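> Sequence below, structure please.
(one chain, ligands or ions: 3)
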Amino acid sequence: MIQIIKNANVLSESGEITVKHIIIENDKIKEIVDGNNDLSQWTDQTDMVLDAQNKLVTPGFIDMHVHLREPGFEHKETIETGTRSAVKGGYTTIASMPNTRPVTDNPGTVGLVKEKAKQAGYAKVLPYGAITVGELGQQLTDFKALKEAGVIGFTDDGVGVQSAQMMKDAMKKAALLNMPVIAHCEDNSLVEGAFFTEGEFTRKHGLKGIPNESEAIHVGRDILLAEATGVHYHVCHVSTEQSIRLIRQAKQLGIHVTAEVCPHHLLLSDEDIPGLDANWKMNPPLRSPRDVKACIEALEDGTIDIIVTDHAPHSAEEKARGIEAAPFGIVGFETAFPLLYTKFVLSGQWSLGMLVKRMTSDPAAVFGLEAGRLEPGAPADITIIDLNQEKVVDPEQFATKGRNTPFAGWKLKGWPVMTLVDGQVVWSEAAAHTTFTK
Ligand SMILES: NC(=O)N[C@@H](CC(=O)O)C(=O)O
Ligand SMILES: [Zn+2]
Ligand SMILES: [Zn+2]
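Ligands and ions are numbered 1, 2, ... in the order given. Presented below is the predicted three-dimensional model:
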């Protein structure tokens with residue numbers, strides 16, 4: 001089956017926009033030809049021609065840090081609703097965290113996640129396996145069995161591995177299997193009883209604060225352990241200037257460390273928190289404007305490699321339990337690109353090319369994935385974006401079950417309008433914006 005996306009605005013390697021026709025055969029990109037080329041050689045064998053005139057066409061976005069909640073927390077999200085939310089946000093490959101119930105610490109649960117994702121038929125799901133059984137920090141999981149079941153790395157996301165010895169053993173084992181260790185960096189002894197960053201906001205409300213060192217201490221410890229073991233060490237949701245300083249130095253020393261940052265840590269600080277509203281409660285917390293600046297600079301200079309959402313849906317009822325009892329986390333798929341495009345690209349601070357790279361080819365390179373590029377032979381995982389479309393963030397319109405976002409009411413440009421996975425249209429906005437012709 002041949003499909004064509006014609007008149008696509010495609011970013012070149014150097015970040016310029018050029019007009020191309022993308023020829024898709026079955027699930028792969030067959031050819032990308034210049035926009036002034038005649039398509040008649042293709043049109044008689046074509047099943048679908050999609051006119052993407054004036055739309056940006058990118059490789060499908062890749063999100064290496066997401067929570068799909070199934071099995072165990074289906075009231076927050078299911079694999080079906082989570083992956084549908086992902087493709088609506090332009091994501092075609094997502095890596096799911098193991099803090100499900102049961103925890104994804106065994107081959108059976110890995111198999112279930114993969115099977116459900118396949119049945120849903122939206123985004124491709126790459127599961128992570130837990131480092132410790134039940135994410136309890138007591139006993140390592142069977143890394144070899146988890147690898148054979150299809151996990152792409154090991155992490156106890158949701159909680160930091162408190163014991164340095166446990167982390168070192170995990171890294172040794174992962175290195176032998178040539179697998180990465182992905183770390184939620186948090187020293188519990190520095191955090192207990194706090195849920196916002198230590199600073200103006202916590203002082204004003206008379207609350208205990210989460211200090212920056214609670215994150216950076218783990219980053220520093222783990223960099224030393226990564227150096228000692230030779231493992232690929234990836235730092236989750238970096239949020240502090242101290243962590244960034246350590247990562248920058250480690251990279252200069254040639255230690256195999258990579259890092260990710262979330263849109264909210266690039267766009268919001270503790271000064272923006274309107275009050276004791278649980279839609280502003282996430283882990284790591286929103287930090288100071290100084291930390292936000294450090295995160296932005298680190299993403300720009302490559303100290304932080306990639307953008308992830310840490311999509312963390314919770315039910316409205318859970319988030320309404322009061323600031324102390326409400327769980328940490330906010331949803332992310334459906335707002336990530338428009339937020340970053342509007343705030344960083346339209347403002348002139350970033351090139352469009354850099355933003356797209358940090359959401360596509362860079363995550364693919366960090367994790368060695370066959371994805372993230374528009375080129376012949378690549379899977380036809382494609383996102384079509386209307387950069388001019390302007391909409392207000394309305395959580396009631398989300399495909400995710402989660403409504404927990406601090407970005408409700410933000411007016412943004414740059415909304416994905418169609419997403420293809422393996423050559424199939426898995427999500428499309430109202431036909432008004434895109435035309436199918438035969
Ligand atoms: N980020 C969050 O605030 N919450 C995540 C856990 C995590 O990513 O550490 C969750 O699972 O809800
Ligand atoms: Zn985490
Ligand atoms: Zn997470």
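> Locate W42 within the secondary structure: which element?
helix 40-43 (DSSP states H and E).
> in the stretch 251-400 of the chain, what spans have low per-residue confidence?
Within the stretch 251-400 of the chain, no range satisfies pLDDT under 70.
> Going by proximity to ligand 3, name the top residue of it.
D310 (4.4 Å; Cβ to the ion). Any C-beta I mention is one placed from the backbone N, CA and C, and that applies to glycine too.
> Kindly provide the distance from that residue to ligand 2.
For D310, the distance to ligand 2 (Cβ to the ion, to the nearest Å) stands at 7 Å.
> That residue: how many residues sit nearby?
Around D310 there are 28 other residues, counting by other Cβ atoms under 10 Å.
> From what I see, it and F333 are in contact.
No - the criterion here is Cβ atoms under 8 Å, and D310 misses it with F333 at 10.4 Å.
> shared neighbours of those two, anything?
Listed as contacting both D310 and F333 by Cβ atoms under 8 Å, 6 or more residues apart in numbering are V66.
> Just list what the helix holding W42 packs against, helices and strands only.
Where contact means 3 or more Cβ pairs under 8 Å, 6 or more residues apart in numbering; DSSP states H and E, helix 40-43 is packed against strand 2-11.
> average pLDDT for the strand it packs on?
In this model, strand 2-11 has an average pLDDT of 97.
> now stretch 430-438
Rounded mean pLDDT across stretch 430-438 is 46.
> Pull up the gap between A194 and R203, please.
Distance of A194 to R203, given as Cβ to Cβ, to the nearest Å: 12 Å.
> neighbour-wise, which of the two wins?
A194 (16 against 10).
> domain parsing for the protein?
What automatic domain parsing lists as the domains of the chain is 2-57+378-437, 59-367.
> Which residues of the stretch 101-250 of the chain lie near ligand 1?
With the criterion set to Cβ under 6 Å from any ligand atom, the stretch 101-250 of the chain comes near ligand 1 through 157-158, 184.
> from memory G72 sits against T100, does it?
Yes - using Cβ under 8 Å, G72 is in contact with T100, at 4.9 Å.
> Compare these two (neighbour count), which wins?
The neighbour count for G72 versus T100, taken as other Cβ under 10 Å, is higher for T100 (25 against 14).
> Then that one would be within a strand, right?
No - looking at T100 with DSSP: H, G, I helix; E, B strand; the rest coil, it is coil, so not inside a strand.
> Please give me every residue in contact with it.
Contacts of T100 by Cβ under 8 Å, 6+ apart are 68-73, 109, 113.
> Apply 10 Å and report the result again.
Applying Cβ atoms under 10 Å, 6 or more residues apart in numbering, we find T100 in contact with 67-74, 79, 109, 112-113, 127, 130, 135, 158.
> What does it show for phi and psi?
T100 adopts backbone torsions of phi -100, psi -170, taken as degrees, to the nearest 10.
> just to revisit the earlier point, ranking the contacts of T100 by neighbours, who comes first?
L68 (32 neighbours).
> so that residue sits right up against A86, yeah?
Yes - L68 is within contact range of A86, at 8.9 Å (criterion: Cβ atoms under 10 Å).
> and for the two, which residues touch both?
Here L68 and A86 share the contacting residues 94, 120, 123, 125, 311, 400, scored by Cβ under 10 Å, 6+ apart.
> Could you find the closest non-adjacent residue to the last one?
When the adjacent residues along the chain are set aside, T400 lies closest to S85, with 3.7 Å between them (Cβ to Cβ, 6 or more residues apart in numbering).
> Confirm the one you found sits in a strand?
No - the assignment for S85, made by three-state DSSP, is helix rather than a strand.
> which bits of the stretch 101-250 of the chain sit near ligand 2?
The stretch 101-250 of the chain comes close to ligand 2 at residues 157, 184, 236, as judged by Cβ under 5 Å from the ion.
> Kindly recompute the last result at 6 Å.
Applying the criterion Cβ under 6 Å from the ion, the portion of the stretch 101-250 of the chain that neighbours ligand 2 consists of 157-158, 184, 236-237.
> Export those residues to a markdown table and append columns for secondary structure and pLDDT.
Formatted as a markdown table, those follow (DSSP: H, G, I helix; E, B strand; the rest coil; pLDDT from 0 to 100):
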| residue | secondary structure | pLDDT |
| --- | --- | --- |
| D157 | coil | 98 |
| G158 | coil | 98 |
| H184 | coil | 98 |
| C236 | coil | 98 |
| H237 | coil | 98 |
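> which residues do G72 and T100 both contact?
T109.
> and the two most separated of the residues of the stretch 101-250 of the chain next to ligand 2?
Within those, G158 and H237 form the most distant pair, 11.2 Å apart (Cβ to Cβ).
> any idea how far the closest residue in space to P289 that isn't next to it in sequence lies from K293?
In space, not counting the residues next to it along the chain, P289 is nearest to S269; the distance is 4.5 Å by Cβ to Cβ, 6+ apart. Distance, S269 to K293, by Cβ to Cβ: 9 Å.
> of the two, who's got more company?
The residue with more neighbours, out of S269 and K293, is S269; 20 against 13, by other Cβ under 10 Å.
> Kindly report the residues of the stretch 101-250 of the chain close to ligand 3.
D157.
> Swap in 8 Å and give it another go.
Taking Cβ under 8 Å from the ion as the test, the list of the stretch 101-250 of the chain residues beside ligand 3 reads 157-158, 184, 236-237.
> can I get these in a markdown table with distance to E429?
As requested, those are arranged in a markdown table below (distance: Cβ to Cβ, whole Å):
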| residue | distance to E429 |
| --- | --- |
| D157 | 31 |
| G158 | 33 |
| H184 | 34 |
| C236 | 31 |
| H237 | 29 |
